[in-house]
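Engineer: Predicted model and sequence below, questions to follow.
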Amino acid sequence: MKPLPLNSIIHGDCIEILKSLPENSVDLIFADPPYNLQLSKDLYRPNMTKVDAVDDNWDQFENFSEYDEFTRQWLSASRRVLKETGTIWVIGTYHNIYRVGALMQDLGFWFLNDIVWIKSNPMPNFRGVRFTNAHETMIWAQKHKGAKYTFNHQSMKKLNDDSRENGLQMRSDWNLNLVTGKHRIRSNGVKAHSTQKPEALLYRIIMASSNAGDVILDPFFESGTTGAVAKRLGRNWIGIERDKKYIKVAQKRVDSVQEADREAMDVEKRKQARVPFGALLENGTLQPGQILYFAKNGAKAKILSNGHIRCGDLTGSIHGVAKSLMNGAPANGWDVWFYKDEHGKKILIDTLREKILSKG
C-alpha cells in the first residue's frame, strides 16, 4: 500500500486522487467545494464599479444534476479515506449546502452539528432585492452514527471565554470576519482565490476535531488555508488542487508558516484519576445538607449524606440529576453544579476535585 503523501499538495482531480489514497487513513477532512452559484450576469456597485464575484470556471456546472453527481462522487471518495473515528466538515452557502447535506445523509454520514459562520463584515446586496447574505453554513459529520470521534471540548471552552476559570461552552454560531486587506493572499497584486477562508475559521475547526499529529485532508485546497493552519497547529496535512496557479500560491504560503512547537500543542487535559463526588463529603470539603446551584434555570439541589443530591422530585448522582434537568442530554455534573463559598460567591464544584487531585 502506498504511504500517505503527508504535508504535500497533490495536483489533479480530487475524485481520482482520493480514490488512490489508502482507505481509512485520514483523521479529519475539511471541504470547501464549489458553490454552484449559477451567476448569469455581472454585478455592479451603486457607483457602477464591477464586483469581483465568484465567476471562476471551477464553479460552473450545466445543471443541478451535474452538480449533484460531482458532489456524490467526491463525498463517496472522501468517506472511503476517512478513518472510522474520523469526521468531515463541509462549508457552503444557500446555493449548495442543502443539496450537499442531503447527499451526505444518503451516503451514510451522521450529522454532529451544523455551524453558522456569521460574517462580521459581509458584502452588501448591491441590487437591494434580497437580504444581505451574511453567513455560510458548515456541516460537521462523522462517518458512522455512534462511532467514537474527536471533540476537544475543553479547548473550545477555553478559546470561547478566557475570562472565566472554566470558560463557556462554544456555541454553533461563530462570528468571524471575511478575509480582507493584508490577510488576503494576493498574486500579482490581485486576490489569489475568490473564496479564501479566514484562518480563524480553520483554527477552530482543527482545534475542535483533531489532535496534534493527526492527518488533515482538504480536497479543494485552493489558496492553502487548511495546510497553513494545520502546520501551525502541529497536524499533518494533505491538499488536493487541480489548478497549478493555486498550488504555487498555496505552497509558498504553507512554506512560510513556522513549524508548531510540540509543547504548545499539548493542551488537552490528561486523563485524571477518578474522584467520586462522595470524596468531597468524606474530607469535609462539602457538607451533607449543603446546597448546590445548577448552571441553568436556577435549580437548586441538596447534598445527601450518601453522595447523591436531591433536586425537587429528582434524586441521584450529580451527573444523573443534571442529565434529567437537561431533558436527557448528556451532562458532566462537575461542569454544571456550583457551590457558594464563605463570601457567597458561586464556584464550580470541579475546582474542589482539582484541589483533591493536586494533593494526591
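Structural biologist: Received the coordinates, thanks. It should be emphasised that the depicted structure is a prediction, and the values quoted were computed from it without experimental measurement. Residues are numbered from 1 along each chain as shown.
Engineer: who's in contact with residue 322?
Structural biologist: Contacts for residue 322 (Cβ atoms under 8 Å, 6 or more residues apart in numbering) come out as 294, 331, 332, 333, 336, 337. C-betas here are computed from N, CA, C, even on glycine.
Engineer: Need phi/psi at the third one.
Structural biologist: Looking back up the chat, that one is residue 332. As for residue 332, its main-chain torsions (degrees, to the nearest 10) stand at phi -100, psi 110.
Engineer: Near it, how many other residues are there?
Structural biologist: Neighbourhood size, residue 332 [other Cβ atoms under 10 Å]: 13.
Engineer: mind listing what the closest residue to residue 77 other than its chain neighbours touches?
Structural biologist: Using Cβ to Cβ, 6 or more residues apart in numbering and skipping the chain neighbours, the partner closest in space to residue 77 is residue 18 (3.5 Å). Residues counted as contacts of residue 18 (Cβ under 8 Å, 6+ apart) are 74, 77, 78, 80, 81, 219, 240.
Engineer: Residue 18 - that's part of a strand, no?
Structural biologist: No - checked against DSSP: H, G, I helix; E, B strand; the rest coil, residue 18 lies outside a strand; its state is helix.
Engineer: picking that back up, among the contacts of residue 18, name the ones in helices.
Structural biologist: 74, 77, 78, 80, 81 (DSSP state H).
Engineer: follow-up on the earlier one: could you single out the nearest of the contacts of residue 18 to residue 212?
Structural biologist: Of all the contacts of residue 18, residue 81 has the smallest distance to residue 212: 20.5 Å, by Cβ to Cβ.
Engineer: My read is that the closest one contacts residue 21, right?
Structural biologist: Yes - with contact defined as Cβ atoms under 8 Å, residue 81 reaches residue 21; the gap is 4.8 Å.
Engineer: Could you check which of the two is surrounded by more residues?
Structural biologist: The neighbour count for residue 81 versus residue 21, taken as other Cβ under 10 Å, is higher for residue 81 (23 against 20).
Engineer: Distance of that one relative to residue 240?
Structural biologist: According to Cβ to Cβ, to the nearest Å, residue 81 stands 11 Å off from residue 240.
Engineer: cool, residue 198 as well?
Structural biologist: To residue 240, residue 198 is 21 Å away according to Cβ to Cβ.
Engineer: neighbour-wise, which of these two wins?
Structural biologist: residue 240 (23 against 18).
Engineer: dump the residue contacts of the more buried one.
Structural biologist: Contacts of residue 240 (Cβ under 8 Å, 6+ apart): 9, 10, 12, 14, 17, 18, 217, 218, 219, 220, 221.
Engineer: Ramachandran coordinates for residue 264?
Structural biologist: Torsion angles, degrees, to the nearest 10, at residue 264: phi -70, psi -20.
Engineer: how many neighbours does it have?
Structural biologist: When neighbours are counted by other Cβ under 10 Å, residue 264 registers 11.
Engineer: quick one: the closest residue to it other than its chain neighbours and residue 263, what's the gap?
Structural biologist: The spatial neighbour of residue 264 that comes closest, neighbours along the chain excluded (Cβ to Cβ, 6+ apart), is residue 234 at 7.8 Å. Using Cβ to Cβ, we find residue 234 at a distance of 10 Å from residue 263.
Engineer: which one of these two has more residues nearby?
Structural biologist: Shown here are residue 234 and residue 263; by other Cβ under 10 Å, residue 234 has more neighbours (20 against 8).
Engineer: my read: that one touches residue 260, true?
Structural biologist: Yes - using Cβ under 8 Å, residue 234 is in contact with residue 260, at 3.6 Å.
Engineer: what residues do those two have in common as contacts?
Structural biologist: residue 212.
Engineer: Tell me the secondary structure at residue 116.
Structural biologist: With three-state DSSP as the basis, residue 116 sits in strand.
Engineer: For the stretch 251-360 of the chain, just list every one of the strands.
Structural biologist: 291-294, 300-303, 309-311, 314-316, 337-340, 346-348 (DSSP state E, counting those that start in this stretch).
Engineer: For the third one, buried residues please.
Structural biologist: Pointing back at strand 309-311 there. Along strand 309-311, these residues count as buried under the neighbour rule (16 or more other Cβ atoms under 10 Å): 309, 311.
Engineer: Repeat that for stretch 305-314.
Structural biologist: 307, 308, 309, 311, 314.
Engineer: one step back: closest to residue 142 out of the contacts of residue 18?
Structural biologist: Using Cβ to Cβ, residue 78 comes nearest to residue 142 of the contacts of residue 18, at 12.7 Å.
Engineer: re earlier: what's the closest of the contacts of residue 18 to residue 139?
Structural biologist: For those, the residue nearest residue 139 by Cβ to Cβ is residue 78; the value is 12.6 Å.
Engineer: Low-confidence regions, the protein specifically.
Structural biologist: Low-confidence segments of the chain, defined by pLDDT under 70: 1-2, 37-60, 125-128, 161-167, 179-195, 267-273, 358-360.
Engineer: ranges for the helices of it?
Structural biologist: For the chain, the helices defined by DSSP H cover 14-20, 64-81, 97-106, 153-160, 199-209, 225-232, 244-255, 262-265, 278-282, 318-325, 350-358.
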